[in-house]
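[1] What follows is a protein structure lacking sequence information:
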């Protein structure tokens with residue numbers, strides 16, 4: 001036998017001997033957000049240790065905080081693209097970590113020298129590992145917004161001070177004992193050639209997921225709740241979900257700019273129980289913005305915090321991504337899931353604390369957007385195509401055939417998200433004060449780290465601002481003895497606490513590292529309350545982690 005061939009054969013046999021049969025051990029963290037989890041994969045170790053919140057479902061061969069279009073007891077959420085939430089599954093000699101079938105949630109992993117940490121929470125990953133984000137990085141908002149470019153083109157690697165930290169959207173992660181690699185979700189070709197076929201697919205998918213979320217074998221059973229406005233997407237979701245058993249929806253009284261947007265007429269026609277909230281109701285709770293900035297450096301979804309009582313412990317059916325999936329004039333028709341914005345992504349951390357799973361219905365069958373777009377522009381839907389640039393024929397037909405009058409929805413495009421730092425909305429007083437103080441404390445590190453990246457003009461501005469801050473603090477101490485005009489000037493400058501201590505920069509783009517660190521406190525202070533180890537050769541999937 002050829003010597004080179006013999007060497008390859010021996011290497012393959014040696015690798016086979018090294019293959020491991022993995023098993024999970026679980027530690028319940030009662031003080032953690034209910035749906036948070038983190039898995040530790042040590043290289044060449046067959047035990048995957050998972051720490052998790054109280055509402056995570058744990059079994060011998062899998063764990064999850066997810067709903068999907070299959071039987072819950074089987075736990076085959078890694079074998080479908082219609083899964084919302086996250087989890088992990090043992091498969092032969094590998095472990096599959098499953099991400100949501102949408103881009104409003106994600107997995108994140110940190111690769112160190114001898115181990116890999118995977119989590120559904122970025123603050124959890126940072127807190128448990130002790131790794132720090134490079135707070136002088138000036139592009140946090142652009143980094144998280146890059147997922148708009150699609151799952152093939154977004155920026156994956158988050159700047160941290162040690163190790164390699166990456167975000168994974170839509171795809172799964174596979175661990176073989178030595179390496180962690182991305183893997184595409186299973187892809188199915190569905191028949192969307194006619195309205196009835198696509199409508200039937202939507203109905204069947206939501207119904208199956210509805211059965212899964214209420215399965216008797218769950219430790220925590222879920223009910224549906226929908227967000228309802230006067231727009232196309234949430235109204236379409238409400239109709240489809242109502243047919244699958246949803247009874248409750250919530251709405252905001254007004255959209256951005258004060259326009260009526262409550263969806264009350266639709267709720268009455270469908271017989272849904274509607275709860276109304278004020279769009280700025282989040283201000284009633286201190287630091288409501290923190291989990292939204294800690295999730296994606298963008299606070300636009302903070303308005304959902306006002307509806308937290310309706311969202312707590314439920315599956316939230318939203319219309320995020322309907323603007324692309326169902327719009328007649330969509331241009332991006334690839335399977336890489338290009339988005340028009342990042343709405344919904346900011347909720348990915350707060351939902352874990354609320355024990356809420358996010359199910360954005362337009363992502364059902366999302367990789368076949370080209371077929372859905374062809375259907376929207378087909379003669380079959382022409383009757384439901386309205387003039388102007390705000391036309392979604394599929395949505396209009398679904399809703400009108402459910403008995404909602406044409407003039408009651410989809411008449412004009414509105415939005416509820418908040419644009420912080422643009423004059424339209426200010427941060428809460430608590431968040432302004434705490435974040436500003438934190439950034440001031442990091443000023444010297446910023447100068448040391450960031451200055452070499454800047455040209456000479458930038459360095460001069462930094463130096464001037466640092467000296468200005470020192471003088472300003474001295475003036476505040478003797479403010480009482482200053483003339484009235486000087487006191488007024490100092491008092492006025494106090495109201496502008498959203499200005500960063502670094503030149504020509506708003507504080508808002510720099511809130512992510514502070515918010516993530518603040519959220520990490522709950523993970524650092526909590527202690528594991530109970531550990532459960534499932535054997536690899538015996539036991540059943542019905543065993544509970546506690």
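    It's in. Worth saying up front: this structure is predicted, and the values here are computed from it rather than measured. Numbers count the residues shown, from 1 in each chain.

[2] Can you pull out the low-pLDDT segments for the protein?
    Counting by pLDDT under 70, the chain contains low-confidence ranges at 1-19, 256-259, 416, 421-425, 443-506, 526-546.

[3] Break it into its domains for me.
    20-186+525-533, 195-408 (automatic domain parsing).

[4] how about a markdown table for those domains, with distance to residue 441 added?
    Where you see a C-beta, it was placed from the backbone N, CA and C, and this is true even at glycine. Conversion of the domains of the chain to a markdown table gives the following (distance: least, C-beta to C-beta, whole Å):
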| stretch | distance to residue 441 |
| --- | --- |
| domain 20-186+525-533 | 10 |
| domain 195-408 | 17 |
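
[5] Quick one, which of these gets closest to residue 440.
    Residue 440 lies closest, by C-beta to C-beta, to one member of those: domain 20-186+525-533, at 12.3 Å.

[6] rewinding a little: dump the domains of the chain to JSON lines, plus mean neighbour count.
    Below are the domains of the chain laid out as JSON lines (neighbours: other C-beta atoms under 10 Å):
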{"stretch": "domain 20-186+525-533", "mean neighbour count": "20"}
{"stretch": "domain 195-408", "mean neighbour count": "20"}
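
[7] nearest to residue 511, of those domains?
    domain 195-408 (4.3 Å).

[8] gap between the two ends of that closest one?
    22 Å (C-alpha to C-alpha, to the nearest Å).

[9] Also stretch 96-110?
    End to end - C-alpha to C-alpha - stretch 96-110 spans 16 Å.

[10] Residue 419 against residue 302, yeah?
    No. Using C-beta atoms under 8 Å, residue 419 is not in contact with residue 302, being 10.7 Å away.

[11] contacts for stretch 186-200?
    Contact with stretch 186-200 is made by 79-81, 201, 365, 367-368, 371-372, 375, 380-381, 394, 397-398, as judged by C-beta atoms under 8 Å, 6 or more residues apart in numbering.

[12] one more time with 6 Å, if that's ok
    Stretch 186-200 has contacts (C-beta atoms under 6 Å, 6 or more residues apart in numbering) with 79, 81, 201, 365, 368, 371, 372, 375, 380.

[13] Helices - which of those land there?
    Secondary structure assignment by DSSP state H places 201, 371, 372, 375 of the contacts of stretch 186-200 in helices.

[14] Span of stretch 126-138 from start to end?
    End-to-end span of stretch 126-138 (C-alpha to C-alpha): 19 Å.

[15] Backbone dihedrals for residue 239, please?
    phi -70, psi -50 (degrees, to the nearest 10).

[16] Quick check: it touching residue 400?
    No. Using C-beta atoms under 6 Å, residue 239 makes no contact with residue 400, being 9.6 Å away.

[17] Assumed residue 110 was part of a strand.
    Yes. Checked against DSSP: H, G, I helix; E, B strand; the rest coil, residue 110 lies within a strand.

[18] What's the local residue count around the spatially closest residue to residue 123 that is not a sequence neighbour?
    Nearest non-adjacent residue to residue 123, counting by C-beta to C-beta, 6 or more residues apart in numbering: residue 519, 3.8 Å away. Residue 519 has 26 neighbours, counted by other C-beta atoms under 10 Å.

[19] and residue 513, which of the domains of the chain is closest to it?
    domain 20-186+525-533 (4.0 Å).

[20] Check which element follows the helix or strand containing residue 207 along the chain.
    Assigned by DSSP states H and E, residue 207 belongs to helix 195-213. Counting by DSSP H and E, the next helix or strand C-terminal to helix 195-213 is strand 224-227.

[21] Give me the contact list for that next one.
    234, 237-238, 241, 246, 248-249, 310, 314-318.

[22] repeat that for 7 Å
    210, 234, 237-238, 241, 245-246, 248-250, 310-311, 314-318 (C-beta atoms under 7 Å, 6 or more residues apart in numbering).

[23] and what of stretch 299-316?
    67, 213, 222-225, 227, 250, 252, 275, 277-279, 281-282, 285, 288-289, 292-293, 343-344, 346-347, 350, 354-359, 416-420.

[24] Let's see the distance spanning that stretch from one end to the other.
    Note: stretch 299-316 ends 19 Å apart using C-alpha to C-alpha.

[25] Same question for stretch 125-137.
    End-to-end distance for stretch 125-137, by C-alpha to C-alpha: 19 Å.

[26] same thing with stretch 225-233?
    Distance across stretch 225-233, first residue to last, is 15 Å (C-alpha to C-alpha).

[27] Kindly indicate whether residue 238 is helix, strand or coil.
    helix.

[28] So it is in contact with residue 270, correct?
    Yes. In terms of C-beta atoms under 7 Å, residue 238 counts as a neighbour of residue 270; the distance is 6.4 Å.
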